[in-house]
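Trainee: make a model of this:
(6 chains)
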Protein chains: 4
Amino acid sequence: MASVTEQARRKQIVDAAVAVIAGDGYAKASFGRIAKQAGLSSTGLISYHFANKRELMDEVVRTVLAEFTEFVLARTDTGEGPAAQLRAFIAANVEFASTHRTHLLAMLDVARAEPSDGPDPLLEADLRGLAELLREGQRLGEFREFDADVMAMAIRSARDGLLLRLRADPGLDLAVYTEELLTLFDLATRRTR
Amino acid sequence: MASVTEQARRKQIVDAAVAVIAGDGYAKASFGRIAKQAGLSSTGLISYHFANKRELMDEVVRTVLAEFTEFVLARTDTGEGPAAQLRAFIAANVEFASTHRTHLLAMLDVARAEPSDGPDPLLEADLRGLAELLREGQRLGEFREFDADVMAMAIRSARDGLLLRLRADPGLDLAVYTEELLTLFDLATRRTR
Amino acid sequence: MASVTEQARRKQIVDAAVAVIAGDGYAKASFGRIAKQAGLSSTGLISYHFANKRELMDEVVRTVLAEFTEFVLARTDTGEGPAAQLRAFIAANVEFASTHRTHLLAMLDVARAEPSDGPDPLLEADLRGLAELLREGQRLGEFREFDADVMAMAIRSARDGLLLRLRADPGLDLAVYTEELLTLFDLATRRTR
Amino acid sequence: MASVTEQARRKQIVDAAVAVIAGDGYAKASFGRIAKQAGLSSTGLISYHFANKRELMDEVVRTVLAEFTEFVLARTDTGEGPAAQLRAFIAANVEFASTHRTHLLAMLDVARAEPSDGPDPLLEADLRGLAELLREGQRLGEFREFDADVMAMAIRSARDGLLLRLRADPGLDLAVYTEELLTLFDLATRRTR
DNA sequence: CATGAATGAGGATTCATTCAT
DNA sequence: CATGAATGAATCCTCATTCAT
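Mentor: Numbering: from 1, shown residues only, chains lettered A, B, ... in the order given. Coordinates of the predicted model:
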């Protein structure tokens, strides 16, 4: 279980699925299209490596989420204070959204189309850390008193909104966008004297 | 053309489509499910009233968008200044999101799954007015200098984020949520001395 | 039964059916298209006047066949000898094929698509008279000894071939075509000295 | 691509389609009937091997046309003069019409129901060679001066007429029919004294 | 492991026909 | 008589999944 070839094939298939979903949307992401995108000669191969479509899609989400988390954490855990970390977090989000646009779009599409049962782990895991950071900032007096969960959701939503904008308008100036969001949430969170 | 019965049936079918999409997602919204939800005896009846699935989905979007626009505009165009209008706009958005949760979820699902050609009219029409309001506030000196398009997107995204939260957690305290968002964007937009 | 209005409606529907079949082929000749062609507001009206589709199609065949027979007979029964009558018959066939192209095409399409049980009455009735004429010519010594049924079929087939040509190439020179067929069958039938 | 199994299945399906069309007519030739005729468990298998119905029908036409052309050419290209070749051509046509009745009927039905765009290749390709043979005979002085296109059409139509007769009356004496047609067109084409 | 053929359920859509008004 | 809404069977086609090789 989990030989090298096996791992490589699964990755190949997941990557193809990401590309198809990001390109044509989840609705058009059939095994047929994914197999063609991956250069496979049979959809049977996908079924061989994944128990069913749901499992493939779960892996798509898991993979992108792992990349994303690693990317963002590496840029956020800087040992600086919460305010600085929040700035780093937002910047990292925007950067990932632009460099991994297809991955993120695919993940959001899947999450919307195949909602998991109960509280969405995506929604939760992603937000928990951010809310914790915000609360830490409040404890240290760098942030004003706001509802950390609402603020976290607003920050994450702003990044998702950027994704939609990027889909419609790929030539967007990200430097400006980043700066605007940094200022926006700086003003929204900082201790009001 | 467009008799009373006809209109009633179309509305019935659109309502059923909204319910199915909000409940099971767009991917599962087949004519079969919609017909069952609507209590129709045959999917043929849907085809009788709508040229094809796309036309039905377009009407779903159009219907919800009309409700939404009317609801929000009625609460926003108060003759007050931009800052007050922005507060009204955000409050109206949150209120509509909670009272018409299924409608809004369905609309967003359809818009994501069936992207229209060219710039998404949903994305555009919805945002244009908000950005205009923000610029007006800047002209009048009520708002600071920010990129109105980015800010508009952030505001709308915050509302969409609320929707997702509501789906996962229907018991959410909306009064708190509204108040938090009002403060958030008040701080983010107001003229910094 | 068979009031004036009734008759008029049936004719209107049959004419529309002929136009649709000749234009788009039997396969596309749905009640919906026929109703639209006839300017009717409902396909129900067709069902009201015809027990079922088969009956409508039978009437299409019957109607065209009646027109055709009347047209040809009027030009053939000239009181002249069989050879002259054969010439008149062929000329009349070509003329009808050109002036009533749609009608004849529709009839042939229906006859091919909905073959009646047993010996095709179209095939029979149409040919019987012609074969009889040929045999009469043989009795009178104007024609050589050939199989009258085969010859009759060849003559009728030549006219059907003309129809196909007309469908593909409407600008055909019929005067030439007629003359050629007259000579062809004159040579084929006349007493060889 | 084009494995042995693949070819065998395609042939099996085409054969079943021919049988159904010849038996019940093109209008009744649904995937369901064809699958049943072929002993397949699902219409999906037909879709697996043919991109769509049109492609299947095109292959039906192509297959029969290839058989027919090969059959007739092998009996016509005898190195003899045009008159002898014409006799061979007619005899071969009649023979093929009797031995491959279903195939020919199916082909004609499809060609009538699914007219290709532009000039019908069936109508054209089939006739071109025959007309050429006739013109060659005129150049060599074996045939009289007639319109070669009209004559070619008459000859082909006579064969189609035989097909219709065979459908209605399978017990037809073909030896007689052949002899009659040979004489008919010999008289019609040969140089007059 | 990989292939491609096969399966059968489910998809949207078309259609002839029925029926209340 | 005419209308248009409704019905349900049938059509082609797509798809995830299975399985022998």
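Trainee: going by neighbour count, list what's buried in the one helix or strand A:Glu180 maps to.
Mentor: Using DSSP states H and E, A:Glu180 sits within helix A:174-189. Using 16 or more other C-beta atoms under 10 Å in any protein chain shown as the test for burial, helix A:174-189 gives A:Tyr177, A:Thr178, A:Glu179, A:Glu180, A:Leu181, A:Leu182, A:Thr183, A:Leu184, A:Phe185, A:Leu187, A:Ala188, A:Thr189. C-betas here are computed from N, CA, C, even on glycine.
Trainee: got the CA positions of it in CSV?
Mentor: Taking Å, rounded to 0.1, in the frame of the first residue of the first chain, the C-alpha atoms of helix A:174-189 are listed here in CSV:
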residue,chain,number,x,y,z
LEU,A,174,-2.0,42.1,-7.2
ALA,A,175,0.4,44.5,-5.5
VAL,A,176,-2.4,47.1,-5.2
TYR,A,177,-4.9,44.5,-4.1
THR,A,178,-2.6,43.3,-1.4
GLU,A,179,-1.8,46.7,-0.1
GLU,A,180,-5.5,47.6,0.0
LEU,A,181,-6.4,44.5,2.0
LEU,A,182,-3.5,45.0,4.4
THR,A,183,-4.7,48.6,5.1
LEU,A,184,-8.3,47.5,5.3
PHE,A,185,-7.8,44.9,7.9
ASP,A,186,-5.2,46.9,9.7
LEU,A,187,-7.7,49.6,10.3
ALA,A,188,-10.4,47.1,11.1
THR,A,189,-8.4,45.3,13.8
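Trainee: what about that helix, near chain B?
Mentor: Yes: using C-beta under 8 Å from any C-beta of the partner chain, we find that helix A:174-189 touches chain B at A:Val176, A:Tyr177, A:Glu180, A:Leu181, A:Thr183, A:Leu184, A:Phe185, A:Leu187, A:Ala188.
Trainee: which one of those is nearest D:Leu86?
Mentor: A:Tyr177 (80.9 Å; C-beta to C-beta).
Trainee: my guess is the closest one contacts A:Val94. True?
Mentor: Yes: with contact defined as C-beta atoms under 8 Å, A:Tyr177 reaches A:Val94; the gap is 6.3 Å.
Trainee: joint contacts of these two?
Mentor: Common neighbours of A:Tyr177 and A:Val94 (criterion: C-beta atoms under 8 Å, 6 or more residues apart in numbering or on different chains): A:Leu162.
Trainee: ramachandran coordinates for A:Gly39?
Mentor: With angles defined as degrees, to the nearest 10, A:Gly39 sits at phi 80, psi 20.
Trainee: tally of neighbours for it?
Mentor: Number of residues near A:Gly39 (other C-beta atoms under 10 Å in any protein chain shown) recorded here: 8.
Trainee: let me see the contact set for it.
Mentor: For A:Gly39, no residue meets the contact criterion (C-beta under 8 Å, 6+ apart).
Trainee: now it: how far from A:Val18?
Mentor: Using C-beta to C-beta, to the nearest Å, A:Gly39 is found at 15 Å from A:Val18.
Trainee: what is the burial count for the closest residue to A:Leu127 other than its chain neighbours?
Mentor: Among residues not flanking A:Leu127 along the chain, A:Ala152 sits closest, at 4.8 Å (C-beta to C-beta, 6 or more residues apart in numbering or on different chains). A:Ala152: 21 surrounding residues under other C-beta under 10 Å.
Trainee: low-confidence ranges, chain A, go.
Mentor: For chain A, the stretches flagged by pLDDT under 70 are A:1-2, A:116-123, A:193.
Trainee: break it into its domains for me.
Mentor: A:1-50, A:60-189 (automatic domain parsing).
Trainee: deepest in the core, which of the ones you listed is it.
Mentor: Across those, averaging neighbours per residue (mean count of other C-beta atoms under 10 Å in any protein chain shown) puts domain A:60-189 on top, at a mean of 18.
Trainee: what about that domain, distance to the chain center?
Mentor: 8 Å (C-alpha atoms, centre = their mean, to the nearest Å).
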